[in-house]
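Student: Just to be clear, the model below is a prediction. Sequence and coordinates:
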Amino acid sequence: MPRRSWIGILCFWPGLAQIWTGQEVLGLLLASLFGVTLNMAIVARWVWTEAFGVGWADFLFAFAALTWSASFAYTVWWVWLCHPDRHRREIDRLFHEAMEEYLQGRWNESRKRIERILAMDDSDADALMQLGTILVRTQQFGPARRAFRQCLEQDGGSKWRWEVETALARLDRP
């Protein structure tokens, strides 16, 4: 099942889709807000009815529904407009242009294209590997190490493991 479909399924519980896509803080806030309001509404309606004034249970249920609706709408919007799969054709075009620029020795132009790719999909292991290579060429060793390590952390980074470890070993030598 494609990643985009999983995100669509996860959007039915506020915060799960955001946590799964790397937006942990937003996801935890949404999940906490929804969970607290839903639990309080249930307690106010059926468990501890005398503790809350008239109308509080309805207000809390409405607030929980509003939280759920807002989270659902945001997730659907993000999957529809912002998900990296939607930009795949543009990412592929930019990657080919970046490779051409790199092979012609225009490393700064290549880096700009790679950074545009990473703005659209910060988990693109191929772009991170290329960024690390460009940064080594331009003698920016600290950022190169970070790019290589981030490449290894991504799902597709395992195919670059040998190259990244070799590059990091070279960078760590005096």
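Tutor: That came through, no problem.

Student: can you point me to the longest helix in the chain?
Tutor: helix 56-77 (DSSP state H).

Student: what's the helix or strand that that one is followed by packed up against?
Tutor: As assigned by DSSP states H and E, the chain's next helix or strand after helix 56-77 is helix 88-103. Where contact means 3 or more Cβ pairs under 8 Å, 6 or more residues apart in numbering; DSSP states H and E, helix 88-103 is packed against helix 107-120, helix 125-137. Quick note: C-beta positions are derived from backbone N, CA and C, even for glycine.

Student: Let me see the domain layout of this structure.
Tutor: Domains of the chain are assigned by automatic domain parsing as 3-82, 86-172.

Student: mind putting the helices and strands packed on helix 88-103 in JSON lines, distance to Cys11 included?
Tutor: Converted to JSON lines, these look like this (distance: least, Cβ to Cβ, whole Å):
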{"stretch": "helix 107-120", "distance to Cys11": "21"}
{"stretch": "helix 125-137", "distance to Cys11": "26"}
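
Student: hey, which of those helices is tucked in deepest?
Tutor: Per-stretch averages of neighbours, counted by mean count of other Cβ atoms under 10 Å, single out helix 125-137 among the helices and strands packed on helix 88-103, with a mean of 22.

Student: same for that helix, what does it pack against?
Tutor: Against helix 125-137 (3+ Cβ pairs under 8 Å, 6+ apart) you get helix 88-103, helix 107-120, helix 141-153, helix 161-172.

Student: Near Trp13, how many other residues are there?
Tutor: A count of nearby residues for Trp13, using other Cβ atoms under 10 Å, gives 15.

Student: What count of nearby residues applies to Asp124?
Tutor: Asp124: 21 neighbours (other Cβ under 10 Å).

Student: and if you look at Phe52?
Tutor: By other Cβ under 10 Å, 16 other residues sit near Phe52.

Student: What of Gly156?
Tutor: With other Cβ under 10 Å as criterion, Gly156 counts 14.
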